[in-house]
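In: Structure for this input, please:
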Amino acid sequence: MRLPSLSPSTAEAPSDRQRTLWWRTLAAAVALVGLLASSERLLSLAAEHLLEHDSEQTALGYARTITDNVPGLSEMFEQRRLDPATADALRGLREIGDVFRFKLFDRDGNTLLVSDALDRADGLDASGATRLGEHQGFPSPVVESIVLGGRNHIELKDGRGKEGRPPLFSEAYVPLMQGGRLIGAVEVYVDQTARAQRIREAFFQVACIVGVLLLIIGGALVWQWQHRQRERRLAHDRMRYLAQHDVLSGALNRASFHDALQQAAWRHESGGPGFAVLCIDLDRFKEVNDSHGHSAGDAVLREATERLRQVVRHGDVVARLGGDEFAIMQSGVADSADVDRLAQRLVDAMAVPFKIGEHRVVCTASVGAATFGSDANTIEDLLHKADVAMYRAKTSGRGRFSFYDAELDRKLEDRRVLAHDLRAAIDNGSLSLHYQPLFERADQRLIGYEALMRWSHPQRGAIAPSEFIPLAEDTGQIEVLGEWALQRACAEAATWPAPLSVSVNLSAAQFSGDSDLTRVVQTALDASGLSPRRLELEITESLLMNNTESVVNTLSKLSALGVRIAMDDFGTGYSSLAYLWRFPFDKVKIDRAFTIGLNDNRKVELIVRSIISLAHSMGIRVNAEGVETAPQMALLQELGCDELQGFLLGRPVPAHSLRHDGVVSEGPAAATRLPQSLRGLPPALQA
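Out: Numbering: from 1, shown residues only. Okay, the predicted model is just below:
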């Protein structure tokens, strides 16, 4: 189940992003409106400029029309007399096109004639000409600048509300030139209403097009920005999801699970409901990876996560802590019965075989539970005790659940301390090898020794191999110990008289570890100078149950080095006989359990006889371990066992205590005989 919120900061993040998104969208809208307003202003200025330019061109054209078509124009300006012919010509030009009025100014800038006064006839002289006043109007600075400087001047004016004026007109002041000479100036009134309307319509169309384009471009930019923001948000959510969840299974990871537990603890301390932690470990998951591959293992992990999700209730949290380890935070726990019911459902759900392609894989689960407040008062302690309970379930038979047990916790702590001491055992010299002699049955000669590891703990004294060897395998130290044992055994055996051999036990973990076992053996032989034929490597038949092809391949490489391979504890595993043809073993060692029951049970004798007969038929030698009584040795000799080994013949002792009595060179004549204490036995025991 996904955890909605893991911290206040992450809870507030979505609303912060929404506010930021709204502000940015608003800013984009304001910018777009501003852009449209600016565009409208630019269009208005452009329209005004066009109208002014049009007025100027109209006035200039009108001025040329006057100078080209009005007779007696120069005389009118010079003599200030308006002849009838000149007046008639000016009346005809009073309204041309959009021009509805004009004024004439002399070179001094004084008003000479206004078109509105052409209909009046006053001050006629004898010739019929009209007398123009000396000073009509007042000099205008604009006109004066035009007359004196030859510059044009345009003004747009609003005529609404003024009688005789169009809604929009322009006053254009331009010079009058005749014969290349400035004779005065003219002010032309141009009706711009229709033209302005056309320009407005044209600009409106342009504005619409520009607006649509801006909207399209703005919309595209906004869409692109929102798309980018959405991608960033999705990427952020994805990164946040990956930071909080296990990529393979989709369950919470260890850090997020710890946060969820911390929040539950805060709620509980504030009067909230109780909760418990259940640690789940898949049984024999490594066998799934080894037998079917890591892809099949990943499929099992995903299916296991889905089963856990289906079992838990709303409010519970599922997490994958790593590897095949899962954990569940059970919320709303009232008593241990609630935890008991959930744990049983988990065990039942995981007991159903997993379907991997065409195969069905059984991968049960061991479940351990601890309750906050009763078993532990801190998150770290709660997880630790749930893990201890899970370990108890696993060691009790797997496929079951268990609650936290204080005594088991003490034992595990003691085991952790012992594992820590084991790491330093090689360096501080507390590890050593003892050697137990092996005797040939036929001529009673000493043929070699089996190397057995011993640990003398500085405080605890001697620790049995049955205790620290499994510990080394569980804690990943067996490869280091195994490599040390090989080097030490080969180095010490090289000092023995030939052809005495040394037998070294190999752990299954050494075959599945990262180191190259063949290289390790070759390095030990090269460093010691020991002949490969004097080294014997013992493996248990249980090793062949998993990854048979891989193990057989490694054994073949070891055999190619010249060393001998023996199967230890033969007869105690599964389908023992099925492995004899898979690899050409040099020797099988009958387990001590058969030796102990040899004289007490006829069936045991038949089994041992069958093993020896089968091995001999395949050219394999047979060794019997655990020979502790003379009757046992006598019967094994009678059954044809090739080698004898046990406390009756010799106990394991350090290398410096070995005597190799009578061994001075190779060959039967120089071989060590059975111990003096056995030479007095009846001939049947010595045959």
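In: which SS class is residue 542?
Out: Assigned with DSSP: H, G, I helix; E, B strand; the rest coil, residue 542 falls in the helix class.
In: what does the one 10 residues further on give?
Out: Residue 552 carries the three-state label helix when classified by three-state DSSP.
In: Make sure it is actually in contact with residue 583.
Out: Yes - counting by Cβ atoms under 8 Å, residue 552 touches residue 583, with 5.2 Å between them. The way it works is simple: take the backbone N, C-alpha and C, and place the C-beta from them, glycine included.
In: if you count what's nearby, which of those two comes out ahead?
Out: Shown here are residue 552 and residue 583; by other Cβ atoms under 10 Å, residue 583 has more neighbours (17 against 14).
In: Tell me where the stretch 251-400 of the chain has helices.
Out: 254-269, 285-292, 294-311, 336-351, 379-395 (DSSP state H, counting those that start in this stretch).
In: picking up where we left off before, what do residue 552 and residue 583 both touch?
Out: Any residue near both residue 552 and residue 583 by Cβ atoms under 8 Å, 6 or more residues apart in numbering counts here, and that gives residue 544.
In: so how many other residues sit close to residue 643?
Out: So residue 643, with other Cβ under 10 Å, has 23 neighbours.
In: ok, and the closest non-adjacent residue to it?
Out: Excluding its sequence neighbours, the residue lying closest to residue 643 (Cβ to Cβ, 6 or more residues apart in numbering) is residue 623, at 4.0 Å.
In: beta partners of the one you found?
Out: residue 589, residue 643 (DSSP bridges).
In: that older thread, format the helices of the stretch 251-400 of the chain as CSV; extra columns: distance to residue 80, mean pLDDT and mean neighbour count.
Out: Converted to CSV, these look like this (distance: least, Cβ to Cβ, whole Å; pLDDT from 0 to 100; neighbours: other Cβ atoms under 10 Å):
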stretch, distance to residue 80, mean pLDDT, mean neighbour count
helix 254-269, 104, 91, 17
helix 285-292, 120, 81, 17
helix 294-311, 110, 91, 18
helix 336-351, 120, 91, 17
helix 379-395, 113, 89, 21
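In: quick one: which of those is nearest residue 518?
Out: Nearest to residue 518 among the helices of the stretch 251-400 of the chain is helix 285-292; the distance by Cβ to Cβ comes to 19.4 Å.
In: what angle do that closest one and helix 294-311 make?
Out: Interaxial angle of helix 285-292 relative to helix 294-311 (axes from the mean of the first three to the mean of the last three Cα atoms, to 10 degrees): 140 degrees.
In: Distance from helix 285-292 to the middle of the chain?
Out: 25 Å (Cα atoms, centre = their mean, to the nearest Å).
In: Check which helices and strands it sits against.
Out: helix 294-311, strand 359-361 (3 or more Cβ pairs under 8 Å, 6 or more residues apart in numbering; DSSP states H and E).
In: Is it possible to get TSV of these that adds distance to residue 469?
Out: Converted to TSV, the helices and strands packed on helix 285-292 look like this (distance: least, Cβ to Cβ, whole Å):
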stretch	distance to residue 469
helix 294-311	27
strand 359-361	29
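In: related to what we said a few turns ago, return the distance of the residue nearest to residue 643 relative to residue 597.
Out: 17 Å (Cβ to Cβ, to the nearest Å).
In: Comparing the two, which residue is more hemmed in?
Out: Comparing residue 623 with residue 597 by other Cβ under 10 Å, the one with more neighbours is residue 623, at 26 against 15.
In: So, low pLDDT: which residues of the stretch 401-550 of the chain?
Out: By pLDDT under 70, the low-scoring segments of the stretch 401-550 of the chain are 408, 513-515, 545-548.
In: all helices for it, in order.
Out: So, for the stretch 401-550 of the chain - with DSSP H, counting those that start in this stretch - the helices run 406-423, 465-474, 478-493, 508-512, 517-528, 548-560.
In: who wins for proximity to residue 357 among those helices?
Out: Using Cβ to Cβ, the nearest of those to residue 357 is helix 548-560, at 19.0 Å.
In: Show me which residues of that closest one are buried.
Out: 551, 554, 555, 558, 559 (16 or more other Cβ atoms under 10 Å).
In: List the contacts of the closest residue to residue 334 other than its chain neighbours.
Out: Excluding its sequence neighbours, the residue lying closest to residue 334 (Cβ to Cβ, 6+ apart) is residue 274, at 6.9 Å. Contacts for residue 274 were tallied using Cβ under 8 Å, 6+ apart; they are 268, 332, 333, 334, 371, 372, 373.
In: ok, the closest residue to residue 70 other than its chain neighbours to residue 510 distance?
Out: Nearest residue to residue 70 in three dimensions, chain neighbours excluded: residue 89, at 4.3 Å (Cβ to Cβ, 6+ apart). Remark: distance between residue 89 and residue 510 (Cβ to Cβ) = 127 Å.
In: Between the two, tell me which one has more neighbours.
Out: Neighbours were counted for residue 89 and for residue 510 using other Cβ under 10 Å; residue 510 has more, 22 against 16.
In: Give me the distance between the more buried one and residue 516.
Out: 10 Å.
In: Can you point out the buried residues in stretch 81-98?
Out: Buried-residue list, stretch 81-98, by 16+ other Cβ under 10 Å: 81, 82, 83, 86, 87, 89, 90, 93, 98.
In: Now do the residue nearest to residue 331 when sequence neighbours are not counted against residue 303, distance only.
Out: Take residue 331 and drop its neighbours on the chain: the residue closest to it by Cβ to Cβ, 6+ apart is residue 315, 4.3 Å away. Distance, residue 315 to residue 303, using Cβ to Cβ: 23 Å.
In: Pick out the residue closest to the middle of this structure.
Out: residue 242 (5.6 Å; Cα atoms, centre = their mean).
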